[in-house]
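S.K.: Just need the structure, nothing else, for what follows:
(2 chains)
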Amino acid sequence: MSGLLDLVKPRRSLSRRKRADRLFAACGAGAVFLVVLWIGFLFASLLVRALPAMTAYEIALTVQLEPEQIPPDNPRRGNWRGVLAQAVADLLNAEAQTLDAELIPSERVAAKLLLSKGAAAELRSLVIKNPSWLGKTGTESARTVFLPVSDSLDQYAKGLLVPSTQDGALVSPKTAELFDQLRQAGVVQRKFAWRFFVRADSRFPALAGIAGAVKGSLLAIMVCLFLSFPVGVAAAVWFEDFAPEGRRTDLFRINVYNLAAVPSIIFGLLGLAVFLNFFSMPRGAPLVGGMVLALMTLPTVIVVSASALRAVPSNLREAALALGASRQEAILHHVLPYALPGILTGTIIGLARAFGETAPLLLIGMTAFLTSVPEGISSPATALPAQIFLWADQPERGFAARASAAIVALLIVLTLVNLAAILLREKMEKGRSR
Amino acid sequence: MGFAFLLPWLVAACGWMACRWSPVAWLSPVAGEGQHAQGTAAQLARLVFLTSLLGGLLVLLLWLLLEPPVIAQRSTQALLASEAQSASSRQERVALDLLRTKAQNLAAGDRPTESLKVEALKDESDSVASVARAALVLRQATEREAWLLPVLVVLGGLLGLLAGSQAPRRGLHPRKLAERIIAVLLLLSAATALAVTVGILLSLIFESWRFFRLVPLSEFLFGLRWEPQIALRADQVAGLGAFGAVPVLLGTAVISLVALLVAAPLGILSAVWLVEYASPRTRSICKPVLEILAGIPTVVYGFFAVVALAPAFREGGAWLGFTLAPNSALVAGFVMGVMILPFISSLTDDALYAVPQSLREGAFALGATSFEVASRVVLPTAAPGIVSAFLLAISRALGETMIVLMAAGLLAKMTINPLDSVTTVTVQIVTLLTGDTEFDNPKTLSAFALGLLLLVITLFLNWLALRVSRRWHKEWSA
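M.R.: Numbering: from 1, shown residues only, chains lettered A, B, ... in the order given. Below is the predicted model:
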């Protein structure tokens, strides 16, 4: 406080003091502005990076599903690459007038140049879903399908890749020119990337989607909710209303606060050592992921619920007791419902944090490469944030856009969830004040 | 499986309705004898709901805990039987893991069970048949679970129902019994939190103890080299100085320091401005915006650091004449600083708010400007609170994983140069434990030792923060 005495002696002129004040105010406002700017930069940059993943260039191919190529009784064993190579060659022949003759590649490499590496698998799964296409001959066996173009051509068309003649270049100027002419002919079209929303992971960016990861995340969060909510609220009720006063209860309470400060990765270590190695639970299952997340969310739920219970006016409890309710009836029938909006809001915010959590999931193996959507809580799965992490690590350029798009999806979900929490609280509080 | 979770509730609801709608059938035997342990039909219904629910959930819990180890053991046996060997050596165990994954994929795939059976019966001694057998075990387990689990759960529920409905006959008041059960459940829930702590401590300490039998504690705490991969690859005996945690801790400290240098000025300035200068309207807009940062998952920060910031920093560094290592500590620390910024600013905000208004008014009355009030009165008064905010923020930064995993390096170096690439405790934990999870070598076990170290440091910082702020509260509430 000795600084106060300096104020009394006017050592510095008033204008200088005022200038310092204005300077400081400018610095503070600048700091806040910088943070807001940063947030804007973050979101804008993510959105810009995510946009390319929203569309995909697809090529309209007429494939001949002849029985000698694709046996109708076992379509998995079909010569899918041959079918595609033939279809691409046919297409280039049909468009020969509109294309420069020198651009047309040899039949052997045409399909490889133009189509995504996953096109054969894509066609196969499409046909297996429509068995009626098979077993026909001649022109009846022809089907027109849209298949994704190769990853590098897709990047080129979106302006993310410049063709070059160097060795090892992803796109040569010749291929790029051919692609442009095919686009003008209307054979290659830009389409909405629906696969991104309905597919699981894939080795090929054009075929990779977030559906598998989203389902894995939802299953894990469901398990987390069903474990952490009842246990957390019950624990909070015990702390607030049934715990005997004394050292032991204090120990319980300190323990909860400390648990809230434990880094999330430690919970991953716990899950690995106890759930996976001791109880041999399935590796990478949403069940285990949800349990680990539940342990992580538990302290948050307890602390939030306890403070919501503490905020309930005591006359509510006293009135119930005076009318002859038992202690439990007073709390479970009257105090708890009154505190519920606060408890729910806190729980939702805790769950939102668990939804975005990645580190513990890495340790219990929810990062497997899975090309199908997980079936249930005990089958291997991955979670949305873990999927982002996996895609960010991939060298193919297409995956960076997918990761950005997955991040945007994650942020949208989190925003909606947090908004729901706020609306819920306001609605319930409004209903109460009436 | 999902259906099984609903079953206990269904059974319990049925029990509740049975008691509600035909109370006479349940209560009359007692009523006739004129005992007191009667209660109303509603109370009995509630008790029965509770007991049957508990019965069903208990069965479910036991199944979840006990079934996976049994199945895992049986499938392992199926895998081993054909090879007539035990997985004793390390290579064999790795091979077994590979086969197990194959069997799991086979069981989860869409091959029909019949074709699996045919393959399993082929008495080849190679691994294909044994994998098929193991897959068959897994497949059969799934099929059995589909009917056995619901039946067991319903049985458990019915048993609970019966037990609950017998309470009045045994002279137990339904409401009192239900309340006693609920009280026990509440206590158990509260004990869960304690159990989690005990679980964390026990698992960390146990695995660390196994690690310290291989590598002496002094090596771990004071060793200057951290090369866990090399120790494994050359099949060396551990304890050659490859497990010194000092460089890892140093890297963690460097990144946290950079983070603090970014977050501290910005956090304090913005908090002071929002509390002392901004109008309530500006404040009500700016605070939620700051809180947005706190809600962003850290994997997003990590991704952003890698794709947007690292190239920008590298170019900026080159322009200024520095060469930034790839995965430099500067980028990771900067993004980490942004992550802890809302944490610091909101805790500082609280500390500034807790400064009594009379102090401000006194200073203003002496003719001080807002800056003088803030810098000479409010900030010194709130200093302990701000220090405790810093401590909490550091402990958060130490435990943060995703940002550093994506933006920082993997190699531990003895350097404090933020332009260089360093590694952190959390990065090491994740990289040591992904892939190979056999807990038999110092490589995987060292992750638990690092985890224990991290936990101890974090809890110490939190304890310190609590002490600092509590002392301060005592001073100002008196």
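
S.K.: what ranges do the helices span in the stretch 51-200 of chain B?
M.R.: Taking DSSP state H, counting those that start in this stretch to define them, one finds helices in the stretch 51-200 of chain B at B:90-108, B:113-121, B:127-165, B:174-214.

S.K.: can you tell which of those helices is closest to chain A?
M.R.: helix B:174-214 (3.6 Å; Cβ to the nearest Cβ). Yep, even glycine has a C-beta here, placed from its N, CA and C like the rest.

S.K.: Domains in chain A, by residue range?
M.R.: Per automatic domain parsing, the structural domains of chain A span A:56-193, A:211-433.

S.K.: Mean pLDDT lowest where, among the ones you listed?
M.R.: Of all these, mean pLDDT reaches its minimum on domain A:56-193 (a mean of 83).

S.K.: That one vs chain B: in contact?
M.R.: No. Residues of domain A:56-193 are not located near chain B by Cβ under 8 Å from any Cβ of the partner chain, the shortest gap being 10.1 Å.

S.K.: how far does that domain sit from the chain's center?
M.R.: 31 Å (Cα atoms, centre = their mean, to the nearest Å).

S.K.: Any idea how far apart the tips of it sit?
M.R.: In domain A:56-193, first residue to last residue: 5 Å (Cα to Cα, to the nearest Å).

S.K.: Alongside chain A, which residues does the stretch 101-250 of chain B contribute?
M.R.: Contacts of the stretch 101-250 of chain B with chain A, taken as Cβ under 8 Å from any Cβ, map to B:104, B:108, B:175, B:179, B:182-183, B:185-187, B:189-190, B:192-194, B:196-197, B:199-200, B:203-204, B:206-207.

S.K.: and if we set it to 6 Å?
M.R.: Selection of the stretch 101-250 of chain B residues close to chain A by Cβ under 6 Å from any Cβ of the partner chain yields B:179, B:186-187, B:189-190, B:192-194, B:196-197, B:199-200, B:203.

S.K.: In ChimeraX, select just the buried ones from those.
M.R.: To isolate the buried subset of these in ChimeraX, counting by 16 or more other Cβ atoms under 10 Å in any protein chain shown, use the following:
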select /B:179,186,189,190,192,193,196,197,199,200,203
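
S.K.: Please tabulate the residues of the stretch 101-250 of chain B next to chain A in a markdown table, including the columns pLDDT.
M.R.: A markdown table is the format used below for those (pLDDT from 0 to 100):
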| residue | pLDDT |
| --- | --- |
| B:179 | 90 |
| B:186 | 93 |
| B:187 | 91 |
| B:189 | 92 |
| B:190 | 90 |
| B:192 | 90 |
| B:193 | 88 |
| B:194 | 89 |
| B:196 | 92 |
| B:197 | 91 |
| B:199 | 92 |
| B:200 | 94 |
| B:203 | 92 |
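
S.K.: Just give me the closest of the residues of the stretch 101-250 of chain B next to chain A to residue B:6.
M.R.: Nearest to residue B:6 out of these is residue B:189 (Cβ to Cβ; 21.6 Å).

S.K.: ok, back up a step: compare the domains of chain A and give me the one nearest residue B:163.
M.R.: Residue B:163 lies closest to domain A:211-433 among the domains of chain A, at 20.3 Å (Cβ to Cβ).

S.K.: Is the closest one positioned near chain B?
M.R.: Yes. Contact of domain A:211-433 with chain B (Cβ under 6 Å from any Cβ) involves A:231, A:234-235, A:237-238, A:242, A:255-256, A:259, A:261, A:263, A:265-266, A:269-270, A:273-274, A:279-281, A:295, A:328, A:356, A:358-359, A:362-363, A:376, A:385, A:388-389, A:392, A:403, A:407.

S.K.: are any of those residues buried, and which?
M.R.: Using 16+ other Cβ under 10 Å as the burial test, the residues of domain A:211-433 next to chain B include A:231, A:234-235, A:237-238, A:242, A:255-256, A:259, A:261, A:263, A:265-266, A:269-270, A:273-274, A:280-281, A:295, A:328, A:356, A:358-359, A:362-363, A:385, A:388-389, A:392, A:403, A:407 as buried.

S.K.: follow-up on the earlier one: need the max-distance pair from the residues of the stretch 101-250 of chain B next to chain A.
M.R.: Largest separation among these by Cβ to Cβ: B:179 and B:203, giving 35.6 Å.

S.K.: Point me to the residue of the stretch 201-350 of chain A nearest chain B.
M.R.: The nearest approach of the stretch 201-350 of chain A to chain B comes at residue A:263, 2.4 Å away (Cβ to the nearest Cβ).

S.K.: list the contacts for that residue?
M.R.: Contacts for residue A:263 (Cβ atoms under 6 Å, 6 or more residues apart in numbering or on different chains) come out as B:399, B:458.

S.K.: burial count for residue B:72?
M.R.: Applying other Cβ atoms under 10 Å in any protein chain shown, we find 18 residues neighbouring residue B:72.

S.K.: Could you do residue A:317 as well?
M.R.: Neighbours of residue A:317 (other Cβ under 10 Å): 18.

S.K.: Are we agreed that it is in a helix?
M.R.: Yes. Looking at residue A:317 with DSSP: H, G, I helix; E, B strand; the rest coil, it is inside a helix.

S.K.: re the thing from before, please flag which of the buried ones among the residues of domain A:211-433 next to chain B sit within helices.
M.R.: Among these, DSSP state H puts A:231, A:234-235, A:237, A:255-256, A:259, A:261, A:265-266, A:269-270, A:295, A:328, A:359, A:362-363, A:385, A:388-389, A:392, A:403, A:407 in helices.

S.K.: Closest residue of the stretch 301-434 of chain A to chain B?
M.R.: Using Cβ to the nearest Cβ, the single residue of the stretch 301-434 of chain A nearest to chain B is residue A:356, 2.8 Å away.

S.K.: That residue contacts residue B:297, doesn't it?
M.R.: Yes. Between residue A:356 and residue B:297 a contact is recorded at 2.8 Å, counting by Cβ atoms under 6 Å.

S.K.: Return the residues in contact with residue 377.
M.R.: In the absence of a named chain, chain A is used. Neighbour list for residue A:377: A:219, A:223, A:286, A:287 [criterion: Cβ under 6 Å, 6+ apart].

S.K.: looking at chain B here, not the other one
M.R.: The contact partners of residue B:377, by Cβ under 6 Å, 6+ apart, come to B:359, B:363.

S.K.: before we move on, what about the one 5 residues further on?
M.R.: Remark: with contacts taken as Cβ under 6 Å, 6+ apart, residue B:382 is in contact with B:351, B:352, B:355.

S.K.: per-residue pLDDT, it?
M.R.: 91.

S.K.: so is residue A:377 in a helix, a strand, or just coil?
M.R.: Under three-state DSSP, the three-state class of residue A:377 is coil.

S.K.: Which phi and psi values does it adopt?
M.R.: Main-chain dihedrals, residue A:377, degrees, to the nearest 10: phi -70, psi -10.

S.K.: related to what we said a few turns ago, how about a markdown table for the helices of the stretch 51-200 of chain B, with distance to residue A:122 added?
M.R.: Converted to a markdown table, the helices of the stretch 51-200 of chain B look like this (distance: least, Cβ to Cβ, whole Å):
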| stretch | distance to residue A:122 |
| --- | --- |
| helix B:90-108 | 21 |
| helix B:113-121 | 26 |
| helix B:127-165 | 27 |
| helix B:174-214 | 45 |
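
S.K.: For chain B, give me the ranges with low pLDDT.
M.R.: In the predicted model of chain B, residues B:1-2, B:22-38, B:81-94, B:109-110, B:122-127, B:229-241, B:435-440, B:475-478 satisfy pLDDT under 70.

S.K.: let's see it at 50
M.R.: Applying pLDDT under 50 to chain B flags the ranges B:28, B:30-36, B:84, B:230-234, B:236, B:238-239, B:478.

S.K.: any idea which helix or strand carries residue B:265?
M.R.: Taking DSSP states H and E as the definition, residue B:265 sits inside helix B:246-272.

S.K.: what do residue A:356 and residue B:297 both touch?
M.R.: Here residue A:356 and residue B:297 share the contacting residues residue A:385, scored by Cβ under 6 Å, 6+ apart.
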